[in-house]
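Engineer: Provided below for reference: sequence and predicted model.
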Amino acid sequence: MTQNTASGLPGHLEPAYRVTDALDIDYYEVFADIPAADREVWQRARAYGESVQAELTQAWDEYRYPLQVVEGLGAAGLLGDGVEHPDVELLSPLAAGLVNMELSRIDGSLGTVLAVQGGLALRTVALFGSEEQQNRYVKPLAAGTMPGAFALTEPDHGSDSAGLETQATRQTDGSWVLNGTKKWIGNGAAGGVTFVWARVDSEGAEDHGGVRCFAVPQETAGYHGEVIPGKASLRAIDQAYITLTDVTLPADAVLPGTHTFKDASTVLYATRLGVAWSALGHATGCFEAALSYANQRKQFGKYLSQHQLVQERLTRMLSELTTMQLYCAQLAELEAAGKLRPTQASLAKYNNTRLARRIAVEARDLMGGNGILLEHGVIRHMADIEAITTYEGTESVQALLIGRDLTGKSAFA
């Protein structure tokens with residue numbers, strides 16, 4: 001921790017602030033009576049996350065992806081993300097959400113590792129893969145020993161991902177040739193497997209024009225993944241720019257359960273709720289850091305927490321944080337009952353990412369100059385929230401999905 005070491009000089013008495021410890025603020029006791037099994041998984045996530053917290057802070061500063069954290073998450077049984085499969089430890093919707101929340105509270109890149117490896121890659125093959133594909137990929141993806149990527153977004157098709165242009169052409173012998181580009185693909189250059197979504201270009205075939213997914217080992221000839229440089233957010237995990245140049249795949253590389261873009265959307269809907277939990281984790285980290293700081297920092301002869309304005313700001317942040325907790329808890333109940341609708345997940349992402357942004361801004365400002373130090377966490381959360389606000393559908397896209405559900409009319413261009 002940063003501390004003024006100029007002993008004996010005026011102004012040297014500033015303490016080393018401790019602001020990243022969990023406070024478990026739960027004002028409405030939303031998570032007070034959760035099942036013991038869910039709480040055990042939550043504590044497991046905290047124990048692992050805190051064990052790598054210092055390493056991830058340094059990696060974020062250095063823009064470096066410590067791939068060993070993926071395997072560490074797998075060894076701790078934290079990559080399942082609620083995916084139902086015999087080879088994956090089954091977590092309840094609440095437990096899966098709490099894991100996401102806790103990892104994101106500790107470090108946003110860690111939460112995104114879970115979203116990419118478990119929420120996207122593992123879920124894709126578990127839902128849509130053949131028995132052979134599941135036998136090949138599910139265990140190593142869940143164990144974190146094989147990095148997994150989900151390649152949907154393209155340079156020209158982000159929010160408009162339904163318009164993807166990457167082509168998959170079926171050959172006369174049944175094999176496939178892929179050509180196209182993908183962008184912002186987590187784990188896309190990590191040396192594992194990429195599940196590539198492409199549009200079928202096979203005139204006369206029943207699936208011509210359809211959207212299918214292909215398992216592409218990253219060592220395949222013609223596959224090139226390049227880490228995107230210069231990110232100011234989620235700097236301890238890599239996203240890649242991928243080019244697919246005449247990538248030839250066997251007939252059984254296609255995931256047989258995929259046929260249309262709706263299949264990709266099934267995966268995205270599930271991870272959208274994960275983003276709401278992740279936003280809650282970020283907001284919790286920011287609020288608890290601000291509260292801890294206010295109780296340690298003195299100005300004008302007393303602790304910040306003794307100032308009326310500071311207490312009002314803490315109360316406002318708490319009200320927003322509690323709203324986020326209630327959203328997540330209710331949606332976990334709906335999901336467990338099989339009643340969760342996609343637009344309900346969209347509303348949770350829309351609400352929680354917006355509130356997380358506001359809490360981060362308030363916390364950073366309350367902490368003054370100390371709020372921009374990486375060791376205090378808030379500025380890192382603030383930057384990382386910008387990424388989760390965008391991925392799995394921007395705020396505007398969520399609003400259009402919800403608006404269409406409310407009015408029965410589509411306003412997409």
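Structural biologist: Looks like it came in fine.
Engineer: wait, is residue 375 part of a helix?
Structural biologist: Yes. When DSSP: H, G, I helix; E, B strand; the rest coil is applied, residue 375 is found to be in a helix.
Engineer: that one - how many residues pack around it?
Structural biologist: 17 (other CB atoms under 10 Å). C-beta coordinates here come from the backbone N, C-alpha and C atoms, glycine included.
Engineer: please apply the same query to the one 10 residues further on.
Structural biologist: Here the neighbour count serves as a burial measure; for residue 385 (other CB under 10 Å) it reads 28.
Engineer: residue 121 versus that one, what's the distance?
Structural biologist: From residue 385 across to residue 121, the span is 23 Å (CB to CB, to the nearest Å).
Engineer: model confidence for the most centrally placed residue in the chain, exactly?
Structural biologist: Centroid-nearest residue in the chain: residue 112, 3.4 Å away (criterion: CA atoms, centre = their mean). Looking at residue 112, its pLDDT reads 96.
Engineer: helix or strand for it, just tell me which one.
Structural biologist: helix 108-114 (DSSP states H and E).
Engineer: correct me, but the residue nearest to the centre of the chain touches residue 186?
Structural biologist: Yes. With contact defined as CB atoms under 8 Å, residue 112 and residue 186 form a contacting pair (6.5 Å).
Engineer: list the buried residues for the one helix or strand residue 268 maps to?
Structural biologist: Assigned by DSSP H and E, residue 268 falls within helix 261-294. Buried residues in helix 261-294, counted by 16 or more other CB atoms under 10 Å: 261, 263-294.
Engineer: name the helices or strands packed onto that helix?
Structural biologist: Judged by 3 or more CB pairs under 8 Å, 6 or more residues apart in numbering; DSSP states H and E, helix 261-294 is in contact with helix 93-106, helix 108-114, helix 123-128, strand 211-217, helix 308-336, helix 342-366, helix 378-390.
Engineer: tell me what angle it forms with strand 211-217.
Structural biologist: 70 degrees (axes from the mean of the first three to the mean of the last three CA atoms, to 10 degrees).
Engineer: average pLDDT for helix 261-294?
Structural biologist: 94.
Engineer: let me know the next secondary structure element after that helix.
Structural biologist: Moving toward the C-terminus from helix 261-294, the next element (DSSP H and E) is strand 298-299.
Engineer: pull up the pairing partners for that next one, direction included.
Structural biologist: Sheet pairing for strand 298-299, assigned by DSSP bridges, gives strand 302-303 (antiparallel).
Engineer: what's in contact with the strand it pairs with?
Structural biologist: With contacts defined as CB atoms under 8 Å, 6 or more residues apart in numbering, strand 302-303 is touched by 294-297.
Engineer: ditto for stretch 404-413
Structural biologist: Contacts of stretch 404-413 (CB under 8 Å, 6+ apart): 341, 343, 400, 403.
Engineer: of those residues, just say which sits nearest to residue 9.
Structural biologist: residue 400 (58.2 Å; CB to CB).
Engineer: and that closest one, what element?
Structural biologist: Short version: residue 400 belongs to helix 395-407, going by DSSP H and E.
Engineer: model confidence over that helix, on average?
Structural biologist: On average, helix 395-407 scores 91.
Engineer: mind listing what's buried in it?
Structural biologist: 397-398, 400-402.
Engineer: please compute how far that helix lies from its chain's middle.
Structural biologist: Relative to the chain's own centre, helix 395-407 is displaced by 21 Å; criterion: CA atoms, centre = their mean, to the nearest Å.
Engineer: alpha carbons only: can I get that helix in PDB?
Structural biologist: Extracted in PDB, the C-alpha atoms of helix 395-407 (Å, rounded to 0.1, in the frame of the first residue of the first chain):
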ATOM      1  CA  GLU A 395     -27.400  -0.300 -23.300                       C
ATOM      2  CA  SER A 396     -29.200   0.900 -26.500                       C
ATOM      3  CA  VAL A 397     -29.700  -2.700 -27.700                       C
ATOM      4  CA  GLN A 398     -31.100  -3.800 -24.400                       C
ATOM      5  CA  ALA A 399     -33.500  -0.800 -24.500                       C
ATOM      6  CA  LEU A 400     -34.700  -1.800 -27.900                       C
ATOM      7  CA  LEU A 401     -35.200  -5.400 -26.900                       C
ATOM      8  CA  ILE A 402     -37.200  -4.400 -23.900                       C
ATOM      9  CA  GLY A 403     -39.100  -1.700 -25.900                       C
ATOM     10  CA  ARG A 404     -40.100  -4.300 -28.500                       C
ATOM     11  CA  ASP A 405     -41.400  -6.600 -25.700                       C
ATOM     12  CA  LEU A 406     -43.400  -3.800 -24.100                       C
ATOM     13  CA  THR A 407     -45.000  -2.400 -27.300                       C
END
